[in-house]
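Asker: What shape does this take:
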Amino acid sequence: MADLRAFLGSKCPSCKMDILQQEPSTNRMPGPDRAWCPSCGARMTVEQLASGPARGGLLKRLFSKPQHG
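Answerer: Numbering: from 1, shown residues only. Okay, the predicted model is just below:
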């Protein structure tokens, strides 16, 4: 099973404008871990992120040319 930390810091699959962060919670007993995008407000679980389009690994993101889009 995928871990949420593997997706944090990658571009948001919804808007591609900001990076995913851990969803803030003020609840003492939070639900499942979710990532969220501060720009578009999208909230996604690990399963939703894992089923999305394939993304490159950390080394590929570090050493590849930046993609302007």
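Asker: residue ranges with poor pLDDT in this protein?
Answerer: 1-2, 30-31, 53-69 (pLDDT under 70).
Asker: Quick one: end-to-end length of stretch 18-37, please.
Answerer: End-to-end distance for stretch 18-37, by CA to CA, to the nearest Å: 6 Å.
Asker: Can you point out the buried residues in that stretch?
Answerer: Across stretch 18-37, burial judged by 16 or more other CB atoms under 10 Å covers 20, 23, 34-37. From N, CA and C alone the C-beta is placed, and that goes for glycine too.
Asker: Show me the contact partners of that stretch.
Answerer: Applying CB atoms under 8 Å, 6 or more residues apart in numbering, the contact partners of stretch 18-37 are 4, 7-12, 14-15, 17, 38-40, 42-46, 49.
Asker: Mind telling me what element Met44 is part of?
Answerer: strand 43-45 (DSSP states H and E).
Asker: Which secondary structure elements does that strand sit against?
Answerer: In terms of contacts (3 or more CB pairs under 8 Å, 6 or more residues apart in numbering; DSSP states H and E), strand 43-45 is packed against strand 34-36.
Asker: Adjacent strands (with direction) for the strand it packs on?
Answerer: Strand 34-36 has its sheet partners listed here by DSSP bridges as strand 21-22 (antiparallel), strand 43-45 (antiparallel).
Asker: Next, the buried residues of the strand holding Met44.
Answerer: Taking 16+ other CB under 10 Å as the criterion, strand 43-45 shows Met44 as buried.
Asker: Check which element follows it along the chain.
Answerer: Following strand 43-45 in sequence order, the next helix or strand is helix 46-50 (DSSP H and E).
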